[in-house]
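[1] give me the fold of what follows.
(4 chains)
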There are 2 protein chains.
Amino acid sequence: MAKQLDESGTASRILDVAEELVQTRGFDGFSYAHVAVELGVTSPSLHYHFGSKAELGEALIERYAARFLEALDGIERDGADSLAKLGAYARVYGDVLRRRRMCLCGMLAAGYDTLPEKMRDAVIRFFDENERWLARVLEEGARDGSVAFGGDARDVAQSIISGLEGAMLVARPYGDAARFDVAARRILDGLVKRR
Amino acid sequence: MAKQLDESGTASRILDVAEELVQTRGFDGFSYAHVAVELGVTSPSLHYHFGSKAELGEALIERYAARFLEALDGIERDGADSLAKLGAYARVYGDVLRRRRMCLCGMLAAGYDTLPEKMRDAVIRFFDENERWLARVLEEGARDGSVAFGGDARDVAQSIISGLEGAMLVARPYGDAARFDVAARRILDGLVKRR
DNA sequence: GTCTATAGGCAGATAGAC
DNA sequence: GTCTATCTGCCTATAGAC
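    Alright, predicted model coming up:
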């Protein structure tokens, strides 16, 4: 019973539908009408919950980022070694793709130029937070010896994020999750101590 | 004086403007009106050259893919070793990004679900052709010893494409080409013979 | 080839009844 | 909270004059 439950049931159902639409069609490819039809209501009623499309978009990213970071917390708590954590991290992306969706923020990154400013900031924040989490895990892995890499952990973290986002981006048109898995595996293999 | 010059000057100027718009705003984020304003004409006149937005989109991909493959032919002809060719390949992507654009087909891959079918097919073709080219270079590199990798060359090729597409996707919101360069470098470094 | 005029639809958003 | 009605604007596309 925490902060994220101050949304009425309707608001969160709106977010559910809008989230799927944005993840599959992009922010410029969905409308209030799409959401309304899916929910069996009229579009003006959506405006009661989210005054503008920009507000809806902001709420979308906020919830997505919060859940994403929660998942990362869960990985953290599992107490496995760092390499296993990186594997679990990649699996979070893979799970999104297996539901035939693009990462919400990856999708928004594509249409970045057309986004309202607050949404832009939130997208950047999402990537920054992911980068911080990954860099921490990487440095921990370098200490405990489960991971090996040259250069700055931040740079490696950025490469992992962009590698996984790109793997989702390209795998989706093919409708082929295995394509993602292969790319993800190669990214992780590059972080294993070289024998 | 070849096949690609059967377009009137106007048609190719339309393609120029539309290309930039799609690469920065996505297919659902640009309109005939945007192009028309930029060219100082009215939108109906665009319909004379490209009957529908779908046709314009198809022509866009066709020209982009043709030029892209030409660039790859140029790399091929330079006769450097395979690792150098892969570096040049990555630079093609980097050059696009430095013009503040996303790869046209990477952008279209994001909005894939909203594309007309012929455009979808053309996007897939683009990736397939890139994969073929890369796999050939990788196999050549494995033979001449300039490149080292485990597993299938096709899988490695796919990973390179998705890695570079993702690096562009994420670097663009940050307006930071260096971010791309770092990720691209790490991809290439993973293909250098391990000492 | 490019224009004006216009059709017909869908977008995001607001007003006001219930 | 959700509805109907409506506004304004932009969209793709066509007809027909020049």
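[2] contact residues of chain A facing DNA strand C?
    Taking C-beta under 7 Å from any atom of the strand as the contact definition, chain A meets DNA strand C at A:30-34, A:43-44, A:47, A:51-54. (Glycine included, C-beta is placed from N, CA and C.)
[3] let's see if you can find the most crowded of the residues you listed.
    A:Phe30 (22 neighbours; other C-beta atoms under 10 Å in any protein chain shown).
[4] from B:Ile187, how far off is the residue in chain A that chain B sits nearest to?
    Relative to chain B, the nearest point of chain A is A:Gly166 (2.1 Å; C-beta to the nearest C-beta). Going from A:Gly166 to B:Ile187 by C-beta to C-beta, to the nearest Å gives 10 Å.
[5] what is in contact with these two at once?
    B:163-164, B:167 (C-beta atoms under 8 Å, 6 or more residues apart in numbering or on different chains).
[6] a markdown table please, covering those residues and showing pLDDT, neighbour count and secondary structure.
    Shown next, in a markdown table, are those (pLDDT from 0 to 100; neighbours: other C-beta atoms under 10 Å in any protein chain shown; DSSP: H, G, I helix; E, B strand; the rest coil):
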| residue | pLDDT | neighbour count | secondary structure |
| --- | --- | --- | --- |
| B:Gly163 | 99 | 29 | helix |
| B:Leu164 | 99 | 28 | helix |
| B:Ala167 | 99 | 30 | helix |
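[7] what's the burial count for A:Cys105?
    A:Cys105: 27 surrounding residues under other C-beta under 10 Å.
[8] ranges for the helices of chain A?
    All helices of chain A, identified by DSSP state H, fall at A:9-25, A:32-39, A:43-49, A:53-77, A:82-98, A:104-110, A:117-144, A:153-174, A:177-189.
[9] pick the most buried one from the ones you listed.
    The highest mean neighbour count among the helices of chain A, using mean count of other C-beta atoms under 10 Å in any protein chain shown, belongs to helix A:104-110: a mean of 27.
[10] what values do phi and psi take at the residue nearest the centre of chain A?
    The centre of chain A sits closest to A:Cys103, judged by C-alpha atoms, centre = their mean, with a distance of 4.4 Å. When read as degrees, to the nearest 10, the backbone of A:Cys103 gives phi -50, psi 130.
[11] output the shared contacts of A:Gly166 and B:Ile187 as JSON lines; include the columns distance to B:Glu139.
    Shown next, in JSON lines, are these (distance: C-beta to C-beta, whole Å):
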{"residue": "B:Gly163", "distance to B:Glu139": "19"}
{"residue": "B:Leu164", "distance to B:Glu139": "19"}
{"residue": "B:Ala167", "distance to B:Glu139": "24"}
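[12] give the full set of residues in contact with A:Thr42.
    A:Ala36.
[13] same question for A:Asn130.
    A:68, A:72, A:157, A:161.
[14] pLDDT at it, what is it?
    Looking at A:Asn130, its pLDDT stands at 98.
[15] just A:Asp121 next, same as before
    Reported pLDDT for A:Asp121: 98.
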